[in-house]
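Chemist: build me a model:
(one chain, ligands or ions: 1)
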Amino acid sequence: MAQREPGLAAGVKAVLHSRRGHAALVDNIDGIVWEADPSFRFVFVSKQAERLLGYPVERWLEEPQFWVDHLHPDDRHWAPDFCLSAVQQCLPHEFEYRMLAADGRTVWLRDIVTVHSEEGRARRLHGIMVDVTEQRSAQERLEQTVSLLEATLDSTADGLLVVDRDGRITAHNRQFKRLWGVTSMHDCPHDSMLLDKVRGQLKDPEPFFARIKALYESPEQESFDIIELKDGRVLERYSLPQWRRGLITGRVWSFRDITDRVRAGRVQARLLEEAHEAVRVRDDFLSIAAHELKTPLTPLRLQLELMKRSMTAQEPVPEERVEKALAQVHRLSTLINDLVDATSVEAGRLKLRRAPVSLLELAREACSDFRSISPEHAFTCELPPEDIVVLGDRDRLFQVLANLLENAIKYSPLGGAVRVAVSNAQDAAVLTVTDAGMGIPREEQTRLFERFFRARNAPVSGFGGLGLGLYICRDIIERHDGHIWVESELGLGSTFHVSLPVMALRPQQDSPE
Ligand code: ADP
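Modeler: Residues are numbered from 1 along each chain as shown. You can find the predicted model right below:
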């Protein structure tokens with residue numbers, strides 16, 4: 001016995017030593033090692049409990065509801081239930097929750113719990129609580145950064161795509177999908193699949209793909225180009241490498257829809273061109289107008305001086321001289337009237353005084369006037385058996401007919417037939433003036449009724465003009481709810497048609513021509 005005593009003492013010593021070793025080990029573990037009964041009352045907690053949460057170990061052990069009472073209010077409604085349910089099923093479990101420290105801090109803990117049971121009933125719980133506050137806040141910061149980044153990406157107007165060096169798509173934003181009409185990126189994890197999808201949308205795929213290939217070969221390069229799509233959109237493509245710790249990890253592509261900007265630029269260029277054209281037309285017009293107004297003055301002055309000389313010499317003034325002077329005055333007044341009328345037309349101020357007008361009378365009068373003016377032209381007047389009456393301004397309608405006849409003789413300088421015809425077709429009166437003159441180039445026929453427009457044939461005719469007559473005619477006719485148009489063959493002559501709504505048909509009073 002006496003012999004065994006030193007051995008026992010040594011054994012006890014060894015056990016005590018080993019326990020102390022374990023206790024020291026447990027206390028040094030970076031976490032709270034604990035033991036509790038199934039109602040969560042602690043029967044043991046390691047010293048780290050005080051260091052982590054600031055409450056003395058005694059309180060953990062003495063207060064039966066210590067754990068539940070010191071849970072964060074937001075976790076108190078679920079954490080005990082979760083744990084209880086696992087304990088009832090004798091299942092080990094692991095979960096994260098918050099506890100309130102003695103100084104008011106919130107401490108995030110990961111609790112890893114083992115349930116010891118006997119005959120299917122939980123008897124003891126063992127666990128370790130690890131402080132994961134740092135980890136949690138790092139994770140929250142990361143989540144915050146990621147969500148900020150996602151929101152920023154989605155709120156930019158540019159479509160963005162990030163690809164790693166192997167072509168795997170690592171990020172994209174909503175605008176990218178919208179621009180390229182891609183509904184889901186799940187089926188395109190690799191850029192080659194995406195490129196297959198966009199190929200069909202490109203107007204010119206060759207340079208698009210060549211640029212991508214070149215950038216894969218020189219990953220450090222930045223790039224910028226313009227892409228045109230088949231649907232008319234224009235995109236600006238910008239690309240630069242993605243760097244991490246001095247190494248290129250991939251490439252960021254950004255696409256900006258500049259269709260509106262490009263269109264606005266084109267419109268602006270067109271407007272500028274039109275403005276230049278308008279200035280050119282105005283300058284041409286001013287020089288033509290100056291020339292046209294000056295031309296009759298020289299013969300007019302000459303005739304007047306000759307008349308004065310005759311009067312001074314008390315000789316009779318030849319009538320022919322007076323006629324010639326009057327012709328120049330007529331020419332001047334026609335030009336000035338055209339200018340005045342064109343200004344009214346432009347301002348929308350041309351006034352009409354409407355009354356029933358006999359088209360047959362109008363045609364007869366015009367033919368007879370022009371017959372005396374130009375004996376070298378053979379005028380014919382084809383009129384229907386019934387008179388056609390329209391509601392309109394007689395003087396203005398006569399002005400139109402006179403203008404067409406003036407042009408007919410002006411642009412058939414070698415003489416020839418000039419035919420005036422009046423007819424009635426489907427409630428519309430049609431007045432036509434046909435000449436056998438030089439005709440009008442086909443491509444210029446649509447522009448004849450524009451202000452200041454003179455076709456290529458005008459200068460060769462050698463007759464002046466301001467390019468205002470037909471412009472005024474169109475306005476007068478359209479104000480009568482009618483239409484004016486031309487049919488012409490270069491070198492063969494022209495026919496101008498005027499249609500007007502018929503007011504009435506009545507038997508002819510005068511004998512037809
Ligand atoms: P202007 O005769 O004073 O030049 P208009 O407006 O009357 O102006 O005519 C416009 C242009 O239409 C003329 O410059 C001419 O080129 C063409 N034109 C008009 N009538 C005829 C016609 N009967 N035959 C050939 N060309 C014509």
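Chemist: and V357, that's in a helix?
Modeler: No - looking at V357 with DSSP: H, G, I helix; E, B strand; the rest coil, it is strand, so not inside a helix.
Chemist: any idea how far it is from A504?
Modeler: 11 Å (CB to CB, to the nearest Å). Just so you know, the C-beta spots here come from the backbone N, C-alpha and C atoms, and that holds for glycine as well.
Chemist: what is in contact with these two at once?
Modeler: Counting by CB atoms under 8 Å, 6 or more residues apart in numbering, the shared contacts of V357 and A504 are V389.
Chemist: the two: who's more crowded?
Modeler: V357 (22 against 12; other CB atoms under 10 Å).
Chemist: run through the bridge partners of the more buried one.
Modeler: V390 (DSSP bridges).
Chemist: now swap in A417 and tell me
Modeler: A378.
Chemist: helices along the stretch 301-450 of the chain, start to end?
Modeler: Assigned by DSSP state H, counting those that start in this stretch, the stretch 301-450 of the chain shows helices spanning 319-347, 359-373, 394-410.
Chemist: how about the last one: buried residues?
Modeler: Put plainly, it is helix 394-410. 394, 396-410 (16 or more other CB atoms under 10 Å).
Chemist: so which of those residues are also by the ligand?
Modeler: Contacts with the ligand within the buried residues of helix 394-410, counted by CB under 6 Å from any ligand atom: 407-408.
Chemist: looking at the buried residues of helix 394-410, which is nearest the ligand?
Modeler: In terms of CB to the nearest ligand atom, no member of the buried residues of helix 394-410 lies closer to the ligand than N407, at 3.4 Å.
Chemist: so who does the residue in the stretch 201-350 of the chain that the ligand sits nearest to touch?
Modeler: Closest residue of the stretch 201-350 of the chain to the ligand, CB to the nearest ligand atom: D338 (7.5 Å). Counting by CB under 8 Å, 6+ apart, D338 touches 466, 468-469, 472.
Chemist: need these in CSV with distance to P299 and pLDDT, can you?
Modeler: Supplementary listing: those in CSV, determined by distance: CB to CB, whole Å; pLDDT from 0 to 100:
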residue, distance to P299, pLDDT
L466, 19, 86
L468, 22, 91
G469, 22, 93
I472, 26, 94
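Chemist: those residues also near the ligand: which ones?
Modeler: Filtering the contacts of D338 for proximity to the ligand by CB under 6 Å from any ligand atom leaves 466, 468-469.
Chemist: longest single strand anywhere in this protein?
Modeler: Counting by DSSP state E, the longest strand found in the chain is strand 106-118.
Chemist: which strands or helices does the helix or strand hosting A171 pack on?
Modeler: Following DSSP states H and E, one finds A171 within strand 169-172. With contacts defined as 3 or more CB pairs under 8 Å, 6 or more residues apart in numbering; DSSP states H and E, the packing partners of strand 169-172 are strand 159-164.
Chemist: mind listing residues that contact the strand it packs on?
Modeler: Contacts for strand 159-164 (CB under 8 Å, 6+ apart): 153, 169-173, 175-180, 191, 194, 242, 249-256.
Chemist: filter those residues down to the buried ones and express that as a ChimeraX selection.
Modeler: Of those, the buried ones go into a single ChimeraX selection, burial set by 16+ other CB under 10 Å:
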select :153,169,171,172,173,175,176,179,180,191,194,242,250,251,253,254,255,256
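Chemist: now, the contacts of strand 159-164 that are in strands?
Modeler: Per DSSP E, these map to strands at 169-172, 242, 249-256.
Chemist: which members of those residues are the farthest-apart pair?
Modeler: T249 and R256 (23.7 Å; CB to CB).
Chemist: returning to what we had before: what is the mean pLDDT for the strand holding A171?
Modeler: Here strand 169-172 scores 92 as its mean pLDDT.
Chemist: which other residues reach it?
Modeler: Applying CB under 8 Å, 6+ apart, the set of residues contacting strand 169-172 is 153, 159-164, 185, 188-191, 194, 250.
Chemist: and with 10 Å instead?
Modeler: Here strand 169-172 makes contact (CB atoms under 10 Å, 6 or more residues apart in numbering) with 149-150, 153, 159-164, 176, 180, 182, 185, 188-191, 193-194, 242, 249-253.
Chemist: what residues does the residue nearest in space to the middle of the chain make contact with?
Modeler: Computing the C-alpha centroid of the chain and ranking residues by CA atoms, centre = their mean puts D260 first, at 3.6 Å. With contact taken as CB under 10 Å, 6+ apart, D260 is in contact with 233-234.
Chemist: part of a helix, is it?
Modeler: Yes - looking at D260 with three-state DSSP, it is inside a helix.
Chemist: quick one: it from S192, how far?
Modeler: From D260 to S192 the distance is 32 Å (CB to CB).
Chemist: residues of the stretch 401-513 of the chain that sit close to the ligand?
Modeler: Near the ligand, when you scan the stretch 401-513 of the chain using CB under 6 Å from any ligand atom, you find 407-408, 411, 435, 437-438, 440, 448, 453-455, 457-458, 465-471, 494.
Chemist: now, these that are in strands?
Modeler: 435, 494.
Chemist: which of the residues of the stretch 401-513 of the chain next to the ligand are buried?
Modeler: 407-408, 411, 435, 437-438, 440, 448, 453-455, 457-458, 465-471, 494.
Chemist: report the contact partners of the spatially closest residue to S192 that is not a sequence neighbour.
Modeler: Excluding its sequence neighbours, the residue lying closest to S192 (CB to CB, 6 or more residues apart in numbering) is G167, at 6.2 Å. Residues near G167 by CB under 10 Å, 6+ apart: 189-195, 212, 216, 250-251.
Chemist: and the residues you listed as CSV, adding pLDDT?
Modeler: Putting the contacts of G167 into CSV (pLDDT from 0 to 100) gives the following:
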residue, pLDDT
P189, 84
H190, 86
D191, 87
S192, 87
M193, 88
L194, 88
L195, 90
I212, 91
Y216, 89
G250, 94
R251, 94
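Chemist: wait, which of the residues you listed is closest to L293?
Modeler: I212 (66.7 Å).
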